[in-house]
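Chemist: What follows is a predicted structure for the sequence shown.
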Amino acid sequence: MGHIKVFEHETLRFDRGEKLITEDQYKALQLHYGKGVPYFRLVYNGVQFNEYVGALQVGNTLIEVLPKADKDSPTEEEREKWHRRLIGMLRAVSSFEIKSTSESSLRLKSNSILDLYFEMFCTEMEYLLHTGLVKKYRKKEGNIYTLKGSLLFGKQIKENLIHKERFYARYTSFDVEHLLHFILFKTICLIRLMNTNVALQSRIGAIVLDFPEMPNIKINEAVFNKVILNRKTQVYKKALEIARLLLLRYHPDVTKGRNHVLALMFDMNKLWEKFIYVSLRKTIKDEGISITAQTSKYFWKPENGYRSKIRPDILLKIKDEKNIIIDTKWKNLYGYNPSPDDLRQMYVYHEYYDAKKVALVYPGDDDKVIKGNYLNRDSDKIIEIDKECSIIPIQVRDNVKEWQVAINNKIEEWRKS
């Protein structure tokens, strides 16, 4: 299997360049692009990636798109570092709590982002099979040898005129054949098709043998919207989340059948925002502080039509104190000021959330917090007003747990200053 690692905003071409894709793979990506996808754009004989990171598997070639927030040259060592960091970030922000039923199901060291999600799905499926698949009632009709339910006389005469020992009836069955298992079975088949990790093959094979065969249904967004979990089926939530992620991003090659595309791509700005939020939630121990994400307020209403909202990334509510607003941006300022648009946005947050202070959080090499105040004109003089907006650079670390602690310490130090 081919394995290509590139950074966001890099270009892959089939006619030249160090990391070549084939012309067939380019055509598969071109077909996948269709009317447009957000994570790459088409260029002459190739594709250029945007600010999305993750994995694109085209046939037997895996393309991993890695984040980058420094000026270092894109060496192989740098690619490996950012690969480990990205997998660490995805593990940290994932809502999938990996269960372990025995020593044999200890998690493997993921070689790729796809391996990470395949592994998590396998672990969830092993747990469900170990605890027992949930059964549901469903209506069936057909020939049976013991009469139960209601006999369908018309079909009984048609089907069983010479088979007196059979009954054509409509009855209720209590078994494992229901929508949840249709979805999971479809995901198992997809993983078996797309997996190239030898370490996972035996686990996937065991799941295929243990899981009962289900009808092959067409999966789309509407199918997942029909799923309603109850107290008994709540244990399926994690497996279904991963199934949704994989099935809705799989695009089979219907022409040649060789270059199927599975796109597991994430907006790096949103991933960075969630990573900061999860890190603060995990490390803040003060019970007097509540932290919420994407708390919206209306700030403009037209005469006709819908109102407009503002939505800061992270809101810290502190007992007996004013609020604190944090907005995250995945870009390195390299010593320059934030964009005027970002600063204006933070000013609005100050006003509408009655904030004590606000901050823009960036990845960066410099560890120094830059404090600043908004200015106003009083007569002919420009004066500072009591509205603080700071820039908080966060140094990237290889150890994700240490990175999360450092994020909390940095923001806590700024909050108390």
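Modeler: Sure thing, it's come through. Residues are numbered from 1 along each chain as shown.
Chemist: Does Ser150 touch Tyr168 like I think?
Modeler: No: between Ser150 and Tyr168 there is no contact, the gap being 10.3 Å when judged by Cβ atoms under 8 Å. C-beta here means a position set from N, CA and C on the backbone, and glycine is covered the same way.
Chemist: quick one, which of the two is more surrounded?
Modeler: More crowded of Ser150 and Tyr168, by other Cβ atoms under 10 Å: Tyr168, with 20 against 10.
Chemist: Now do the buried residues in the host helix or strand of the more buried one.
Modeler: Counting by DSSP states H and E, the element that carries Tyr168 is strand 167-175. Within strand 167-175, the residues scored as buried using 16 or more other Cβ atoms under 10 Å are 167-169, 171.
Chemist: From the contact counts, what lies against that strand?
Modeler: Judged by 3 or more Cβ pairs under 8 Å, 6 or more residues apart in numbering; DSSP states H and E, strand 167-175 is in contact with strand 136-144, strand 150-151, helix 153-160.
Chemist: Neighbouring strands of that strand in the sheet, and parallel or not?
Modeler: Pairing partners of strand 167-175, with direction, according to DSSP bridges: strand 136-144 (antiparallel), strand 150-151 (antiparallel).
Chemist: Make CSV out of those strands and add distance to Asp115 and mean pLDDT.
Modeler: Shown next, in CSV, are the strands paired with strand 167-175 (distance: least, Cβ to Cβ, whole Å; pLDDT from 0 to 100):
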stretch, distance to Asp115, mean pLDDT
strand 136-144, 33, 79
strand 150-151, 51, 78
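Chemist: looking at those, which is closest to Ile370?
Modeler: strand 136-144 (58.3 Å; Cβ to Cβ).
Chemist: Helices of the stretch 1-150 of the chain, residue ranges please.
Modeler: Remark: helices assigned in the stretch 1-150 of the chain by DSSP state H, counting those that start in this stretch are 23-33, 76-93, 113-131.
Chemist: Any idea how many residues pack against Ile382?
Modeler: Residues lying near Ile382 (other Cβ under 10 Å) number 8.
Chemist: cool, Arg203 as well?
Modeler: Count around Arg203 with other Cβ under 10 Å applied: 21.
Chemist: what residues are up against it?
Modeler: 122, 126 (Cβ atoms under 8 Å, 6 or more residues apart in numbering).
Chemist: any idea of the pLDDT on it?
Modeler: pLDDT, Arg203: 93.
Chemist: and if you look at Thr61?
Modeler: At Thr61, pLDDT is 83.
Chemist: give me the beta-bridge partners of it?
Modeler: Gly2, Val58.
Chemist: 23 is where my numbering starts, stick with that
Modeler: Let's use 23 as the start, then, which means that last one is Thr83.
Chemist: ok, it touching Tyr48?
Modeler: No: counting by Cβ under 8 Å, Thr83 stays clear of Tyr48, with 11.0 Å between them.
Chemist: Skip the chain neighbours and tell me the closest residue to Lys170.
Modeler: Residue nearest to Lys170 in three dimensions, not counting chain neighbours: Tyr193, with 4.8 Å by Cβ to Cβ, 6 or more residues apart in numbering.
Chemist: low-scoring stretches of the protein, by residue?
Modeler: The chain contains residues with pLDDT under 70 at 23, 57, 93-95, 117-133, 275-280, 401-402.
Chemist: Sticking with the residue in it sticking out farthest from the centre, tell me its helix or strand.
Modeler: Most distant from the centre of the chain: Ile184, at 58.0 Å, with distances by Cα atoms, centre = their mean. Assigned by DSSP H and E, Ile184 belongs to no helix or strand.
Chemist: so how far is Gln178 from it?
Modeler: In this view, Ile184 and Gln178 are 12 Å apart by Cβ to Cβ, to the nearest Å.
Chemist: Kindly report the same for Glu309.
Modeler: Computed as Cβ to Cβ, the Glu309 to Gln178 distance reads 69 Å.
Chemist: Wait, the residue nearest to Lys170 touches Thr168, no?
Modeler: No: Tyr193 sits out of contact with Thr168 when judged by Cβ under 8 Å, with a separation of 9.8 Å.
Chemist: residue closest to the middle of this protein?
Modeler: Phe288 (6.2 Å).
Chemist: which residues does the closest residue in space to that one that isn't next to it in sequence bridge with?
Modeler: Ranked by Cβ to Cβ, 6+ apart and with sequence neighbours excluded, the top spatial neighbour of Phe288 is Gly76, at 5.0 Å. For Gly76, the beta-bridge partners are Val87, Met287 (DSSP bridges).
Chemist: Next up, the contacts around Gly76.
Modeler: So Gly76 contacts 61, 86-87, 135, 285-288 (Cβ under 8 Å, 6+ apart).
Chemist: Which of the buried residues of strand 189-197 sits closest to Trp294?
Modeler: Of all the buried residues of strand 189-197, Trp294 sits closest to Tyr193, with 54.9 Å by Cβ to Cβ.
Chemist: Contacts only, for that closest one.
Modeler: Tyr193 makes contact with 161-163, 166, 170-172, according to Cβ under 8 Å, 6+ apart.
Chemist: how much space is there between it and Leu183?
Modeler: Per Cβ to Cβ, Tyr193 is found 21 Å from Leu183.
Chemist: got it, and Pro334?
Modeler: 73 Å.
Chemist: Look at these two and report which has more neighbours.
Modeler: Applying other Cβ under 10 Å to Pro334 and Leu183 shows that Pro334 carries more neighbours, namely 24 against 8.
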